[in-house]
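Engineer: Predicted model follows, preceded by the sequence.
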Amino acid sequence: MNPARGARPIFASLVLLALVLGCWQLATLGKRASATGDAEYQGMISSQRSGLPSPIEIAQASWHHLRSPFHDGGANDKGIGIQLAFSIARVLLGFALAMTLAIPLGFVIGTSPLLHRALNPYVQVLKPISPLAWMPLALYTIRDSSLSSIFVISICSVWPMLINTAHGVGSVKREWLDVARTLEVHGLRRALHVVLPAAAPTMLTGMRISMGIAWLVIVAAEMLVGGTGIGTFVWNEWNNLSLSNVIFALLLIGLVGMLLDLAFSSLTRLVAYQE
Amino acid sequence: MTAGFLITVENLSKTFCNSHGPIAAPVFEGVHFTLEEAEFVCLIGYSGCGKSTILNILAGLEEPTSGRVLMGGLPIAGPSLERGVVFQSHALLPWLSAERNVAFAVRSRWPSWDAAEVARHCQWYLDLVHLAGSEHKRPSELSGGMKQRVGIARAFAIQPKVLLLDEPFGALDALTRGLIQDELLQIWAATQQTIFLITHDVDEAILLADRILLMSSAPRAQIAEVLRNPLPRDRTRQSMYHDPRYYELRNHLLDFLVSRSGRHHKVVPSQGGGARFVNESLQAGRLQ
């Protein structure tokens, strides 16, 4: 049996997790134990709770949030599920907006070498701009923090999609296009039945990269503009000095990011073909 | 121009150019030939003499530098469903199954057909090339021979007036090649379409063709000879070896390819001259 498959890697992962958590727990215990000499001092630090929380404290905080993820007690008291839903909705909206721009434009750029050369300098200059740098401009023109976040998401996810669509469309094999020509297949039918399936794996790779970036950026954008969302939650819990809640939120961000990536990787498998 | 000629090729030449003008001498020039209705014609010559370019021009995929191709008396302008192409590299769409590759062509030809009609038509042609049972496999799951069979089924399924086959069996092993050649002859006997096939295999040309066009080497390649196949039409790969005319024809073809396919004035009839000439024509073949 291959040792890299089956239950063994899962077992190794769990052992590693237990080790890390165990060391963490011990380290956070030890700090308090050393402070037992001065009761007054110990009272001060435990009331401040400035130390790194132990895994058990994080688990307690997580349980507290997960017990009622969708409760809504007004602007400053929303369940973690609602906060995540806001962030995911913004990402999906921004992403969809970027798709409606990037995919048709990518098709045009991919089919026309002239346009490709003409637009390439702009893409190259706009692409490296940090998405958050657009935020002041967005806030000034849109005058709505939530819509500005969506705009920032679309501007950051547009580039990988655009570049990959153009590349995928531009590198459709000549012989497949020749087949279409000899069968008198033109226009939309050619685009949908020959070019799109040929370019789909490259396009989806671009979309997967875009989704990854969008999920990175939404947290930062929400930390910046506030209101709702998982990024705002992280920022508020930092201001509350509740590192347990911050770490809980970080784990959730990682988990959702992984799920989004998994969704795109299974989509990619769906359109993949082998020559 | 005589009626009965389905395709007339007149004074065709091709010079490859870049933005500064011609890169080299014409690959071929002054190419004339005709294809009759229901005729099987093979074009034979060294690689690099422009055979594939001629086929692409007939298909409408490439433009000649000069000359023209008439089909039914009208000059061809671009590719058409009247001329089916079997590509050298099979050119199947890898994301579609064998059946859907054929169906894509059938729907292009008859857009108004419903799914059942398309499926029935595809199945008939897939059966013809003995692909029953592999219809739902994607090209990557098919062997080289099966891929080329799908390519043949796709080209025949649109029932074009002319079929253009560009070295369709070049990449196949001898056994598979023989099988598919037989299938091709059966289909041709059943459909009576005009077939134009490019090859560099002398036996393939003798087995399949009514007429064999011999092409000299590039540059300035031409149709040097046109041979009518003297063997009876009901020949098979097994029977044709027993006909003395087979050897006569085969020797003639090989003789042409080995020693006369280049420009005649280059041949030096001295010791080692023959060998030197072969090298030259091979080099010319590699130029392109």
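Structural biologist: On my side now, so go ahead. Keep in mind that this is a model prediction, so the values were computed, not measured.
Engineer: Quick check: what element follows the helix or strand bottoming out on mean pLDDT in chain A along the chain?
Structural biologist: Scoring the helices and strands of chain A by mean pLDDT, DSSP states H and E places helix A:39-48 at the bottom, with a mean of 55. Using DSSP states H and E, the helix or strand that follows helix A:39-48 towards the C-terminus is helix A:55-67.
Engineer: Run through who's touching that following helix.
Structural biologist: A:21, A:24-25, A:53, A:79-80, A:242, A:244-245, A:247-248, A:251 (Cβ atoms under 8 Å, 6 or more residues apart in numbering or on different chains). The way it works is simple: take the backbone N, C-alpha and C, and place the C-beta from them, glycine included.
Engineer: and the following helix or strand past that helix, how far from the chain's centre?
Structural biologist: From helix A:55-67 onward toward the C-terminus, using DSSP H and E, the following helix or strand is helix A:80-111. Centroid separation for helix A:80-111 versus its chain: 12 Å, with Cα atoms, centre = their mean, to the nearest Å.
Engineer: Tell me what angle helix A:80-111 forms with helix A:55-67.
Structural biologist: 80 degrees (axes from the mean of the first three to the mean of the last three Cα atoms, to 10 degrees).
Engineer: in helix A:80-111, what counts as buried?
Structural biologist: A:80-81, A:83-88, A:90-91, A:93-95, A:97-99, A:102-103, A:105-107, A:109-110 (16 or more other Cβ atoms under 10 Å in any protein chain shown).
Engineer: Could you list the residues of chain A in contact with chain B?
Structural biologist: Residues of chain A lying close to chain B by Cβ under 8 Å from any Cβ of the partner chain are A:175-176, A:178-179, A:181-185, A:189, A:193-194, A:197-198, A:200, A:271, A:273-275.
Engineer: Now the buried members of those residues.
Structural biologist: By 16+ other Cβ under 10 Å, these give A:176, A:178-179, A:181-185, A:189, A:193-194, A:197-198, A:200 as buried.
Engineer: Which of these sits closest to B:Arg235?
Structural biologist: Distance to B:Arg235 across these (Cβ to Cβ) is lowest for A:Thr182, with 30.9 Å.
Engineer: how about the closest one, phi and psi?
Structural biologist: phi -70, psi -20 (degrees, to the nearest 10).
Engineer: Please settle this for me: is B:Asp212 part of a strand?
Structural biologist: Just so we're on the same page, residue B:212 is Ile rather than Asp. Yes: counting by DSSP: H, G, I helix; E, B strand; the rest coil, B:Ile212 is part of a strand.
Engineer: List the residues that contact it.
Structural biologist: Contacts for B:Ile212 (Cβ under 8 Å, 6+ apart) come out as B:41-44, B:205-206, B:226-227, B:229, B:253.
Engineer: Could you do A:Leu126 as well?
Structural biologist: A:Trp159.
Engineer: and the gap between it and chain B?
Structural biologist: Relative to chain B, A:Leu126 is positioned 31 Å away (Cβ to the nearest Cβ, to the nearest Å).
Engineer: can you give me the strands in chain A?
Structural biologist: With DSSP state E, there are no strands along chain A.
Engineer: what stretches of it score poorly on pLDDT?
Structural biologist: A:1, A:3, A:30-50 (pLDDT under 70).
Engineer: Next: chain B.
Structural biologist: B:1-4, B:261-288.
Engineer: Apply 80 and report the result again.
Structural biologist: B:1-4, B:22, B:47-48, B:171, B:218, B:259-288 (pLDDT under 80).
Engineer: ranges for the helices of it?
Structural biologist: Taking DSSP state H as the test, the helices found in chain B are B:51-59, B:98-109, B:115-128, B:144-157, B:174-191, B:202-208, B:244-255, B:273-287.
Engineer: middle-most residue in chain B, spatially?
Structural biologist: B:Leu197 (2.3 Å; Cα atoms, centre = their mean).
Engineer: give me the number of residues near A:Arg117?
Structural biologist: 10 (other Cβ atoms under 10 Å in any protein chain shown).
Engineer: how near is it to chain B?
Structural biologist: Distance from A:Arg117 to chain B, by Cβ to the nearest Cβ: 15 Å.
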